[in-house]
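In: coords below, sequence missing:
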């Protein structure tokens, strides 16, 4: 996208000052990676929510968040040329479009020996090494950088194994966590050795300890800050949270990241004191229950707002839980603390799920948010190119409907008489992609939103008179 | 063909067309059957517990309908098809289901399978993504967890001797499969690609002892063949993931080519690697499934100084097989939405190009309709090979 086109594109309206600052912060960070490259500082390609943010920071390595850059290309509606280039290299358009965009961009940069023309925000800098991760999800995190080595074979990879136990009926996390932790710790120590070799610097373990402390304090602060959104009217919606997640997942282990949430916390408290919501007349409170957003269509959140709907909470990019609830064993070893934080985060909802027949951790989390945030309906987004976050959404909604019916209704019994019952929350699944704009239709999307709002309206109206009759 | 052998091929045909029929018969006789997905489930442990492992197949001829009410259409089409026919009751004689951490389409749908099918037993085996020392130790611990969990369900302590015996039986099975491949080396081959696809698929639906007997019998049958089932024609290798139906292979062979070897899950990827014998059986199983089964979901650290050396380390098995079976052309056959294979297409093509063997890359959707539409491209490719 040219500078003129960029200027012509209207900036999305945010509810908070904090969210409006994020664009500039990300732009500065991307520009910073390009400068760091010129200055000869070590650069690592890596993925967000990776478990080892503080390790990278403690070693003064500049992270290049490759998913983020693809998201920027998508948000600026300038991903298509990179996607097409990847496709021309034999990568199917059905694969993760973050990865396709990144591969297309990098191959082009390598071919030219300089940034592709008009690269968004100055382009993505060439790394010194790449940190893949083998988790329980996200095949592209395991394959993307290996695919890139075809175009920059001199850039080494360290693939960090970061599994967590899958939820099972007959297995308790406590029965297996020993060997999971042992493995994650070994993998993280392996990462430190790799980084020491690559940078010729030794890890400063005291500094790492301090940054892990800072990271943990940041998690607690984010949780407390996001919980402020329970207020009615809510002072911040998911549209803004898709911005305010940046310090959470790109700046963990930095003072700047922590300070951002101090400010956001204060701003939200001030708004609550003034009873200032995302919109003046909040009619419907919705849960963004899953799926990454379409980065090129974040204005859809504003469209929801225009219909009186707000999103006080979301599961997407809320990649934290309060540390003090994670029961992390006492240890002075920062690597062990990172490993425990990782495992406990991913298994946080397991105990709750076990207590409700038919539940699942992901479903339990939805129920908790529905209750805590007084939710009227659920919206999800299915991005066609990402199996990681978008498989299982339909099933979660089906399961939720089966086990959780919060809306009082009158139903006709077999004897023809009305009796009291309950029904599930209404839900909507939008379909598109994270950055492939060719999959998106604004008209269709907004028609579906309109229909959903009508459903919410109908339930609300009837609820005000008497329980809904079905 | 004598009467006995004719009945063997009839049995193969019957068990292929009515997949799982034998397992169902055995269930009716009191045996217990466990379904599993993918080449990464250690069938030795299931067999050692006295259960019959049955590899789940999809059905390219069955439109996916019920699955779409539970599962997003962006999942791997093979996994969707398996799930669809499972929902329709095709595997209702199974006592349980084992799913490995193979890819997102399996890992992220495990809960969906577990609840939707309501089977008495299910388990997810968490394979790590790398093959380093700590990964191997982790995987062994995961296998021990599975061994305990499945033993509880089976009400049987699965001993090392049970495992060693199962390893022995499966290694025999793999030897016999390999012997069948030997018959494909002649020109024209003594066994067609379609025939072997049927036999290997059926083999994964039988108790390993019966699979071994079946393979013995078909070996006798094919070794006696005086005439090859086809004429001399371009010799093709198919490279891809789980091709568990004959439709695609038949399409190639109907287009006047012989499919002589493969790098497929129901093929050399699964049937060629042995588990080691003589040592700790869990170590042997871990080593086989994490290291020896060469699936792109497992990340292998770069080897050698150059990218070409790395490609050789990752895909050298394809090159060796192509030479051993005198291949004229390779068809890279990848399912849509398959991230592990999809991100390797470019590097696989680069490797195959280095072999100076013509390559055709096809992306497909695991349905008979879409397979049929590939005919023209295959014809053009074969004409190019000449």
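Out: Thanks, I have it. This is a predicted model, so every value here is computed, not measured.

In: part of a helix, is residue A:348?
Out: No. The assignment for residue A:348, made by DSSP: H, G, I helix; E, B strand; the rest coil, is coil rather than a helix.

In: Touching, it and residue A:322? I think so.
Out: No. Using Cβ atoms under 8 Å, residue A:348 is not in contact with residue A:322; the gap is 9.6 Å. C-beta coordinates here come from the backbone N, C-alpha and C atoms, glycine included.

In: And the strands in the chain?
Out: If you meant another chain, say so; for now it's chain A. A:43-46, A:62-65, A:129-134, A:157-161, A:284-290, A:309-314, A:377-383, A:407-412, A:418-423, A:427-432, A:468-469 (DSSP state E).

In: my question was about chain B
Out: Listed in chain order, the strands found in chain B under DSSP E are B:33-36, B:52-55, B:96-100, B:121-125, B:235-240, B:258-263, B:329-335, B:359-364.

In: Work out the sheet partners of the first one and label each with its direction, please.
Out: Right, strand B:33-36. Looking at strand B:33-36 with DSSP bridges, its partner strands are strand B:52-55 (parallel), strand B:96-100 (parallel).

In: Need the contact partners of it.
Out: Applying Cβ atoms under 8 Å, 6 or more residues apart in numbering or on different chains, the contact partners of strand B:33-36 are B:23-24, B:26-27, B:43, B:46, B:51-56, B:86, B:91, B:93-100, B:121.

In: Kindly reformat the strands paired with strand B:33-36 as a markdown table containing distance to residue A:405.
Out: Written out in a markdown table, the entries for those read as follows (distance: least, Cβ to Cβ, whole Å):
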| stretch | distance to residue A:405 |
| --- | --- |
| strand B:52-55 | 38 |
| strand B:96-100 | 29 |
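
In: rewinding a little: out of the strands of chain B, which gets nearest to residue A:415?
Out: Relative to residue A:415, the nearest member of the strands of chain B by Cβ to Cβ is strand B:121-125, separated by 40.1 Å.

In: Could you list which residues are in contact with the closest residue to residue A:400 other than its chain neighbours?
Out: Closest residue to residue A:400 apart from its sequence neighbours, by Cβ to Cβ, 6 or more residues apart in numbering or on different chains: residue A:363 at 5.3 Å. If you count contacts by Cβ under 8 Å, 6+ apart, residue A:363 has them with A:353, A:396, A:399-400, A:403-404.

In: Show the end-to-end separation of stretch B:197-217, please.
Out: Start to finish, the residues bounding stretch B:197-217 are 16 Å apart (Cα to Cα, to the nearest Å).

In: Over to stretch B:273-289?
Out: This stretch, stretch B:273-289, spans 9 Å end to end (Cα to Cα).

In: Go through it and flag the buried ones.
Out: Across stretch B:273-289, burial judged by 16 or more other Cβ atoms under 10 Å in any protein chain shown covers B:273-275, B:281-282, B:284-289.

In: contact partners of that stretch?
Out: Residues outside stretch B:273-289 that contact it (Cβ under 8 Å, 6+ apart) are B:40, B:42, B:44-45, B:127, B:136, B:139-140, B:143-144, B:147, B:160, B:163-164, B:167-168, B:170-171, B:174, B:292-294.

In: residue of chain B with the smallest distance to chain A?
Out: Here chain B gets closest to chain A at one residue, residue B:129, 2.5 Å apart by Cβ to the nearest Cβ.

In: what's the residue lying closest to that residue once chain neighbours are set aside in contact with, if anything?
Out: Across the structure, with Cβ to Cβ, 6+ apart as the measure, the residue nearest residue B:129 apart from its sequence neighbours is residue A:134 (2.5 Å). Shown in contact with residue A:134 (Cβ under 8 Å, 6+ apart): A:141-142, A:159-163, B:128-130, B:299.

In: Residue A:391: neighbour count?
Out: A count of neighbours around residue A:391, defined by other Cβ atoms under 10 Å in any protein chain shown, yields 24.

In: picking up where we left off before, got a winner among the contacts of residue A:363 for most neighbours?
Out: residue A:400 (24 neighbours).

In: thinking again about what came up before, who does the residue nearest to residue B:129 form a beta bridge with?
Out: residue A:161.

In: Roughly how far does it sit from residue A:169?
Out: Applying Cβ to Cβ, to the nearest Å, the value for residue A:134 to residue A:169 is 26 Å.

In: same deal with residue B:309?
Out: 46 Å.

In: For the strands paired with strand B:33-36, give me a markdown table that also has mean neighbour count and mean pLDDT.
Out: Output for those, formatted as a markdown table (neighbours: other Cβ atoms under 10 Å in any protein chain shown; pLDDT from 0 to 100):
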| stretch | mean neighbour count | mean pLDDT |
| --- | --- | --- |
| strand B:52-55 | 25 | 98 |
| strand B:96-100 | 23 | 98 |
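
In: In chain A, where is pLDDT below threshold?
Out: Low-confidence segments of chain A (pLDDT under 70): A:1-11, A:464-470.

In: Quickly note the distance from the closest residue to residue B:172 other than its chain neighbours to residue B:171.
Out: The shortest distance from residue B:172 to any non-neighbouring residue, by Cβ to Cβ, 6+ apart, is to residue B:212 (5.5 Å). Applying Cβ to Cβ, one obtains 10 Å for the distance of residue B:212 from residue B:171.
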